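Undergrad: Pasting the sequence and the predicted model now:
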Amino acid sequence: MVKEVGGSECIIPNNGSFLLHDVGVVPEYVKPGYYKYTPSDGFVKDGGYKPYIPIEKKIEIIEDSTAEYMVDLDFRLSNIELGL
């Protein structure tokens with residue numbers, strides 16, 4: 001099935017893995033991913049939402065934290081060698 005979403009078309013498999021609801025107009029405050037729709041409550045914040053972080057950014061975060069850890073480890077080893 002092809003649906004228009006936000007001016008773009010997207011393909012949604014018709015295998016029961018998605019529940020589609022006709023909600024009419026989506027309020028402006030609703031950001032994709034941050035909110036979910038339930039028939040009983042309408043749009044509510046999705047407590048389980050985790051923003052997508054590209055793999056390149058994840059690698060950068062790991063490299064930065066590893067570099068900080070290595071500097072701290074080097075400092076501690078230097079203090080041990082100096083008997084501090």
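TA: Looks like it came in fine.
Undergrad: per-residue confidence for the spatially most central residue of the chain?
TA: Most central in the chain under C-alpha atoms, centre = their mean is Pro51, positioned 1.5 Å from the mean C-alpha point. Model confidence at Pro51, given as pLDDT, is 85.
Undergrad: Skipping adjacent residues, who's closest to it in space?
TA: Of all residues not flanking Pro51 in the chain, Gly33 sits nearest, at 7.0 Å (C-beta to C-beta, 6 or more residues apart in numbering). To be clear about C-beta, it is placed using only N, CA and C from the backbone, and glycine gets the same treatment.
Undergrad: Now do the contacts for that neighbour.
TA: Residues counted as contacts of Gly33 (C-beta atoms under 8 Å, 6 or more residues apart in numbering) are Asp46, Tyr49, Pro51, Tyr52.
Undergrad: What is the nearest of those to Leu73?
TA: Pro51 (30.9 Å; C-beta to C-beta).
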